[in-house]
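In: output the structure for:
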Amino acid sequence: MEPKRVLSLDEIELSKPELWLRPNEEREGAFATLREESPVSFQKEWMPEEVPLPAGPGYWALTRHADVLEASRTADVFCSGGGTNIPDFPEAFLEFFGSMINMDEPRHGRLRRIVSRGFTPRALGRLEADVQRRAAGVVDRVIEKGECDFVTEIAAPLPLEIICDLMGIPPSQEQFVFELSNKILGLGDPDYVSPGEDVQAAALTSGAALAGLMKEMAADRRKSPKEDLTSGLLHADVDGEALSDAELASFFILLVVAGNETTRNAISHGMKALCDHPDERSKWAADFEGHASTAVEEIVRWATPVIHFRRTATRDTTIGGQAIREGDKVVLWYNSANRDEAVFDDPHRFDVARTPNEHVGFGGPGPHHCLGANLARREIRVMFREIFERLPDLEITGPPAMLRSNFIHGIKRMPCAFTPGAR
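Out: All right, here's what the predicted structure looks like:
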């Protein structure tokens with residue numbers, strides 16, 4: 001897929017929904033133009049009528065890989081505490097939905113030290129059998145059908161079930177968590193929020209429901225601890241501290257939204273890419289383990305499930321040759337960085353053996369690099385191994401229904417078909 005440049009520099013408005021309704025090759029063309037002609041451009045903000053917030057003052061858009069890396073590494077200059085979404089939400093809203101991704105030091109470091117105990121290589125190693133068992137169960141449920149919706153029946157269940165397993169949430173609550181996380185990240189999509197509905201209120205209602213579930217879990221685990229992350233976080237002792245109930249609820253919302261949605265979309269985009277590039281699919285199938293590591297990284301680069309995150313300048317500075325004033329918003333466009341011609345050879349080619357592959361699909365380097373990156377890699381690898389072994393002729397049979405968003409590169413639905421087999 002080659003980018004198609006149909007918009008001039010002056011016509012590119014990254015916050016306007018019209019850009020994100022254009023075909024993918026035209027959006028890619030717009031970012032290619034920005035990288036070439038104005039890699040650090042000033043963009044106006046746009047706010048839909050149903051959001052009861054004023055449009056903000058605008059932001060600087062970083063579209064080159066090098067500038068995204070620089071802003072990621074220098075968290076003291078480009079901070080997260082002002083919010084990682086483009087709009088200026090109230091501070092309580094930021095902490096409720098963003099947990100530590102909307103925090104700076106020292107609060108960020110304290111919270112990350114506590115929760116990172118659940119994501120060490122040793123902790124993830126204990127999850128290996130669970131990931132394999134859950135992936136096999138996903139295929140068991142569809143293999144006799146011969147056709148299904150790839151997103152809702154194959155890509156979505158695995159990361160959701162693993163997160164619920166990790167936190168100790170019972171299977172009876174999994175659909176509840178799935179629907180609410182969809183709503184929080186689909187606020188600009190009429191499939192999830194009705195036209196005219198107050199999206200901020202919808203987000204708060206969904207978040208409050210997830211927080212309520214975690215409050216019940218916390219009360220139970222304080223009385224009867226179990227072998228799950230919820231118990232571990234409540235009873236953790238890092239420098240004499242553990243998570244409060246409010247911190248646990250906020251972290252849970254972040255985990256189910258970030259850990260569920262992003263891995264689901266990486267798997268969905270990866271399957272579409274493999275079907276669109278049969279030579280690459282054959283290459284991986286011929287030596288699955290030999291290409292698994294590079295293929296997973298390429299899927300994450302190709303999908304870039306989180307399109308951008310915002311930072312705020314803590315002082316007057318310069319990036320990419322552009323002067324930035326203290327308080328200015330700076331938005332890191334990961335999707336553009338992952339197609340930067342200066343870094344990736346033939347960046348619009350899907351290549352399961354691509355190396356090197358210094359993508360920023362899990363965010364850039366620095367204190368806010370994705371805590372769950374290794375868990376996501378493991379889930380993607382195991383899910384595709386299960387597909388290759390048990391649904392080897394699976395094909396996407398219709399166009400994907402894309403999420404209307406400039407924040408999440410999401411696929412809502414995508415039909416597929418395969419030769420039925422035995423459970």
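In: from here on, contacts and neighbour counts on C-alpha atoms
Out: OK.
In: what helix or strand is residue 140 located in?
Out: helix 121-142 (DSSP states H and E).
In: which SSE is immediately downstream of that helix?
Out: Counting by DSSP H and E, what follows helix 121-142 is strand 147-149.
In: grab the most central residue of this protein for me.
Out: residue 262 (3.3 Å; C-alpha atoms, centre = their mean).
In: tell me how far the nearest residue to that one once chain neighbours are set aside lies from residue 329.
Out: Nearest residue to residue 262, sequence neighbours excluded (C-alpha to C-alpha, 6 or more residues apart in numbering): residue 305, at 5.3 Å. Distance of residue 305 to residue 329, given as C-alpha to C-alpha, to the nearest Å: 22 Å.
In: wait, isn't the residue nearest to residue 262 in contact with residue 408?
Out: Yes - here residue 305 reaches residue 408: they are 5.7 Å apart, a contact under C-alpha atoms under 8 Å.
In: these two: who's more crowded?
Out: residue 305 (27 against 19; other C-alpha atoms under 10 Å).
In: what sits against the more buried one?
Out: 262, 263, 265, 266, 361, 408, 409, 410 (C-alpha atoms under 8 Å, 6 or more residues apart in numbering).
In: again, only using 6 Å
Out: Residues in contact with residue 305, defined by C-alpha atoms under 6 Å, 6 or more residues apart in numbering, are 262, 408, 409.
In: can you tell me which of those residues is nearest residue 106?
Out: Closest to residue 106 out of the contacts of residue 305 is residue 262 (27.0 Å), distances taken as C-alpha to C-alpha.
In: quick check: next helix or strand after the worst-scoring helix or strand of the chain on mean pLDDT?
Out: Sorting the helices and strands of the chain by mean pLDDT, DSSP states H and E puts helix 91-98 at the bottom, at a mean of 74. Note on helix 91-98: by DSSP H and E, the next helix or strand toward the C-terminus is helix 107-115.
In: what strand or helix carries residue 60?
Out: Counting by DSSP H and E, residue 60 is found in strand 59-62.
In: picking that back up, CA atoms of the helix holding residue 140 as PDB?
Out: Extracted C-alpha coordinates of helix 121-142, given in PDB (Å, rounded to 0.1, in the frame of the first residue of the first chain):
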ATOM      1  CA  PRO A 121       9.600 -11.900  33.100                       C
ATOM      2  CA  ARG A 122       9.100 -14.300  35.900                       C
ATOM      3  CA  ALA A 123       5.500 -13.200  36.500                       C
ATOM      4  CA  LEU A 124       4.800 -13.400  32.700                       C
ATOM      5  CA  GLY A 125       6.400 -16.800  32.500                       C
ATOM      6  CA  ARG A 126       3.800 -18.100  34.900                       C
ATOM      7  CA  LEU A 127       1.200 -16.800  32.500                       C
ATOM      8  CA  GLU A 128       2.600 -18.800  29.500                       C
ATOM      9  CA  ALA A 129       0.300 -21.900  30.000                       C
ATOM     10  CA  ASP A 130      -2.700 -19.600  30.600                       C
ATOM     11  CA  VAL A 131      -2.100 -17.800  27.400                       C
ATOM     12  CA  GLN A 132      -1.800 -21.000  25.400                       C
ATOM     13  CA  ARG A 133      -4.900 -22.500  27.100                       C
ATOM     14  CA  ARG A 134      -6.900 -19.400  26.400                       C
ATOM     15  CA  ALA A 135      -5.800 -19.200  22.800                       C
ATOM     16  CA  ALA A 136      -6.700 -22.800  22.200                       C
ATOM     17  CA  GLY A 137     -10.100 -22.200  23.800                       C
ATOM     18  CA  VAL A 138     -10.700 -19.200  21.500                       C
ATOM     19  CA  VAL A 139     -10.100 -21.500  18.400                       C
ATOM     20  CA  ASP A 140     -12.200 -24.300  20.000                       C
ATOM     21  CA  ARG A 141     -15.200 -22.000  20.100                       C
ATOM     22  CA  VAL A 142     -15.100 -21.100  16.400                       C
END
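In: I figured residue 63 hits residue 331, correct?
Out: No - using C-alpha atoms under 6 Å, residue 63 is not in contact with residue 331, being 8.7 Å away.
In: more crowded one of these two?
Out: Using other C-alpha under 10 Å, the more surrounded residue of residue 63 and residue 331 is residue 63, with 30 against 25.
In: for the more buried one, give me its contacts.
Out: Contacts of residue 63 by C-alpha under 6 Å, 6+ apart are 35, 39, 333, 336, 337.
In: name the nearest of those relative to residue 148.
Out: Closest to residue 148, out of all of the contacts of residue 63 and judged by C-alpha to C-alpha, is residue 336, at 32.2 Å.
In: you'd agree the closest one is in a helix?
Out: Yes - the assignment for residue 336 by DSSP: H, G, I helix; E, B strand; the rest coil puts it in a helix.
In: quick one, what contacts it?
Out: 31, 63.
In: before we move on, what about residue 65?
Out: Contacts of residue 65 (C-alpha under 6 Å, 6+ apart): residue 337.
In: how far away is it from residue 37?
Out: 15 Å.
In: same check on residue 106?
Out: Residue 106 is 38 Å from residue 37, by C-alpha to C-alpha.
In: which residues are contacting stretch 4-16?
Out: 25, 26, 29, 45, 46.
In: can you rerun that using 10 Å?
Out: 18-20, 23-34, 36-38, 41-48, 58, 61, 86, 333, 405-407 (C-alpha atoms under 10 Å, 6 or more residues apart in numbering).
In: so which of those residues belong to strands?
Out: Using DSSP state E, the members of those that fall in strands are 41, 42, 43, 61, 333.
In: list residues touching both of residue 305 and residue 408?
Out: 258, 261, 262, 265.
In: for residue 272, state which of those is nearest.
Out: residue 265 (10.5 Å).
In: what about the closest one, which SS state?
Out: Counting by three-state DSSP, the backbone at residue 265 sits in helix.
In: related to what we said a few turns ago, listing partners with orientation, what would you give for the strand holding residue 60?
Out: Strand pairing for strand 59-62, determined by DSSP bridges: strand 40-43 (antiparallel), strand 329-333 (parallel).
In: just say which of these is most tucked in.
Out: strand 329-333 (a mean of 27; mean count of other C-alpha atoms under 10 Å).
In: in the chain, which spans are strands?
Out: 40-43, 59-62, 78-79, 147-149, 308-313, 317-319, 322-324, 329-333, 395-396, 401-402, 411-413, 415-417.
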